[in-house]
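Engineer: Here is the input, now give the coordinates:
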Amino acid sequence: SSVNVTNFNISAQLPGINPFTNWEALREVVKDNARSEIALTNKDFKMPQVFRANIAADYHIGYGSIGTLELMYGKNVNEVVYKNLNMKYYEENGEIVKTIDGRNLYVNPYYDPVSSKFANVIEMSNTNKGYQLSISAQLQKPFNQGILPDMSFNLSYSTLQAKDLNSSTNSVALSNWQYNPVVDPNEPDLVTSNFQVDHRIMASVSYMKKWNQHLSTTIGVYYEGRSGAPFSFMYYTNSRSGYWLTGEDKKDANNDNFWSNDVVYIPGILSSSNGWSDDKMILVNGAQMDTTTNSGKTYGELFEEFLAQFDEVERGKISERNQFRSAWRHNLDLKITQAFRLYGKKLEFSLDIMNLLNLLNEDWGKNEYVLYGTSNLLQFNGYETPGNASTRIRAAYYPNAKGNTKEALYQQSDLYSRWRMQFGIRFYF
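Structural biologist: Now for the predicted structure:
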């Protein structure tokens with residue numbers, strides 16, 4: 001089965017003609033030049049399937065407390081994977097040509113696709129690659145047990161390792177293929193999933209005061225801390241016209257005609273002594289003085305300072321999808337409940353303050369993330385010899401206008417970075 005969408009550049013095919021008033025001209029040109037975009041499902045395609053298993057043990061520690069240890073494992077049986085069938089590798093003597101940093105090179109599909117009738121042909125098929133492994137430990141004490149019967153608490157820690165080829169966070173097949181940060185879009189590597197949470201800590205404490213048989217008050221505090229979401233560093237260009245720096249046949253890092261999916265090569269340590277270059281990349285503006293933030297330093301110096309903030313950096317190689325982590329998130333909630341019991345019925349009033357940290361201090365409780373899980377690191381300016389991907393990469397670094405810091409990458413969630421208050425009434429009968 002397939003979905004067919006027509007892709008047509010009106011301004012290129014109808015220069016000087018207004019297509020909204022000259023429908024006849026538009027119809028004729030579209031009929032002769034429009035290229036379709038289709039999404040296919042492989043004839044053997046199966047709906048996603050995952051095998052899951054877990055093992056857990058509870059242990060009564062004493063004093064009313066219970067300890068729990070749990071291991072959960074999931075293995076992809078049939079996961080969705082995407083491939084653009086209208087692209088072909090650039091080959092010489094029957095071998096795929098690679099770029100200087102090791103990417104498979106494509107024949108530009110805009111000029112030489114497998115079929116000139118189509119723009120993109122995205123096939124959905126299955127893969128069994130990918131897994132999830134979670135380990136969690138918990139210590140809890142319920143109300144009315146052990147010491148301090150009027151108090152309950154819960155403390156837990158979990159770690160999740162998740163690997164996949166494509167986290168499939170978009171709504172259509174083309175977007176899932178196009179916006180997957182990769183080395184090779186048709187052969188994605190098994191790397192960190194968008195959904196991996198390296199560390200998660202949860203804690204809660206509640207205290208109940210029974211004033212009499214009809215009246216009780218409960219106060220609870222709930223904390224969650226988790227490591228930041230994964231993200232990727234990408235190449236970028238100011239506009240599509242910027243790709244012509246490398247000639248018609250080399251428009252982006254791997255020549256697949258998409259600038260939005262190329263993870264960056266991170267060079268070895270650069271300095272003025274090596275000309276702001278290594279054996280695979282030249283930082284073309286490395287010696288230029290910074291005019292973006294007016295720091296009084298060169299762009300090369302700022303590039304080195306920026307990378308030094310990331311423990312995950314591996315120099316002299318292509319970075320992986322989701323290799324980097326955004327900031328930790330901390331959230332603290334407060335809940336106060338007043339209960340009235342009469343004639344076997346219960347009336348309960350509650351007050352919830354969500355993100356109490358932000359109420360205490362406006363600089364606390366921020367929920368920060370990297371937009372779309374990708375951040376532009378280097379401007380791709382082609383290769384040292386135009387059109388020859390075996391020569392060194394030409395790249396430029398420009399710091400974020402907000403500052404040359406890791407924090408400058410982050411967006412803030414307007415809702416979850418603010419404290420909120422909620423009142424509730426509940427009647428039990």
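Engineer: the helices in this structure, which residues?
Structural biologist: Secondary structure of the chain (DSSP state H): helices at 10-13, 23-33, 173-178, 299-307, 356-360.
Engineer: For L359, see how far away the residue nearest to the spatial centre of the chain is.
Structural biologist: Nearest to the mean C-alpha position of the chain, counting by C-alpha atoms, centre = their mean, stands G373 at 2.8 Å. Computed as C-beta to C-beta, to the nearest Å, the G373 to L359 distance reads 29 Å. Just so you know, the C-beta spots here come from the backbone N, C-alpha and C atoms, and that holds for glycine as well.
Engineer: what's the answer for R200, then?
Structural biologist: Relative to L359, and taking C-beta to C-beta, R200 is found at 23 Å.
Engineer: least reliable of the helices of the chain going by mean pLDDT?
Structural biologist: Per-stretch mean pLDDT for those is lowest at helix 10-13 (a mean of 57).
Engineer: And for L133, nearest residue in space, chain neighbours not counted?
Structural biologist: Of all residues not flanking L133 in the chain, Q161 sits nearest, at 4.8 Å (C-beta to C-beta, 6 or more residues apart in numbering).
Engineer: mind listing what that neighbour touches?
Structural biologist: Q161 is in contact with 132-134, 196, counting by C-beta atoms under 8 Å, 6 or more residues apart in numbering.
Engineer: Let me see the ranges of the strands in the stretch 201-350 of the chain.
Structural biologist: With DSSP state E, counting those that start in this stretch as the criterion, the stretch 201-350 of the chain has strands at 215-226, 230-236, 265-266, 281-283, 317-318, 324-325, 329-342, 345-354.
Engineer: For the second one, give the mean pLDDT please.
Structural biologist: This points to strand 230-236. Strand 230-236 shows a mean pLDDT of 96.
Engineer: got any ranges where the protein has weak pLDDT?
Structural biologist: 1-17, 19-20, 23, 25-34, 238-251 (pLDDT under 70).
Engineer: biggest strand in it, by residue count?
Structural biologist: Criterion DSSP state E: the longest strand present in the chain is strand 65-84.
Engineer: could I get that one in CSV with only the CA atoms?
Structural biologist: Provided in CSV are the C-alpha atoms of strand 65-84 (Å, rounded to 0.1, in the frame of the first residue of the first chain):
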residue,chain,number,x,y,z
SER,A,65,9.7,-1.2,55.7
ILE,A,66,9.8,-3.1,52.4
GLY,A,67,12.7,-3.2,50.0
THR,A,68,12.2,-4.0,46.3
LEU,A,69,14.7,-4.8,43.5
GLU,A,70,13.4,-5.2,39.9
LEU,A,71,15.0,-6.0,36.6
MET,A,72,13.0,-5.3,33.4
TYR,A,73,14.1,-6.3,29.8
GLY,A,74,12.5,-5.5,26.5
LYS,A,75,13.6,-6.7,23.1
ASN,A,76,12.2,-5.5,19.8
VAL,A,77,10.7,-8.3,17.7
ASN,A,78,9.2,-6.2,14.9
GLU,A,79,10.1,-2.5,15.1
VAL,A,80,9.5,0.0,12.3
VAL,A,81,12.5,1.0,10.2
TYR,A,82,12.5,3.5,7.3
LYS,A,83,14.5,3.6,4.0
ASN,A,84,14.4,5.9,1.0
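Engineer: now that strand, how far from the chain's geometric center?
Structural biologist: Centre-to-centre, strand 65-84 and its host chain are 18 Å apart (C-alpha atoms, centre = their mean, to the nearest Å).
Engineer: Okay, buried residues for it please.
Structural biologist: Buried residues in strand 65-84, defined by neighbour count with 16 or more other C-beta atoms under 10 Å: 65-66, 70, 72, 74-76, 78-84.
Engineer: can you check stretch 314-323 too?
Structural biologist: In stretch 314-323, counting by 16+ other C-beta under 10 Å, buried: 318-323.
Engineer: List just the nearest of the residues you listed to V182.
Structural biologist: Nearest to V182, judged by C-beta to C-beta, of the buried residues of stretch 314-323 is R321 at 6.3 Å.
Engineer: what about the nearest residue to G62 once chain neighbours are set aside, how many neighbours?
Structural biologist: The spatially closest residue to G62, leaving aside those adjacent along the chain, is G146, at 7.5 Å (C-beta to C-beta, 6+ apart). Neighbourhood size, G146 [other C-beta atoms under 10 Å]: 15.
Engineer: Check the one 4 residues further on too.
Structural biologist: Each residue near D150 was counted by other C-beta under 10 Å, and the total is 13.
Engineer: Spit out the contact partners of the nearest residue in space to it that is not next to it in sequence.
Structural biologist: Once flanking residues are discounted, D150 sits nearest to M208: 5.1 Å by C-beta to C-beta, 6+ apart. Counting by C-beta under 8 Å, 6+ apart, M208 makes contact with 143, 150-151, 216-218.
Engineer: which ones are touching the residue nearest to G62?
Structural biologist: Applying C-beta under 8 Å, 6+ apart, one finds that G146 lies in contact with 62-65.
Engineer: Please report the distance of the closest residue to E305 other than its chain neighbours from Y299.
Structural biologist: Leaving aside its sequence neighbours, E305 sits nearest to N404 (C-beta to C-beta, 6+ apart; 6.1 Å). Distance check for N404 against Y299: by C-beta to C-beta, it reads 10 Å.
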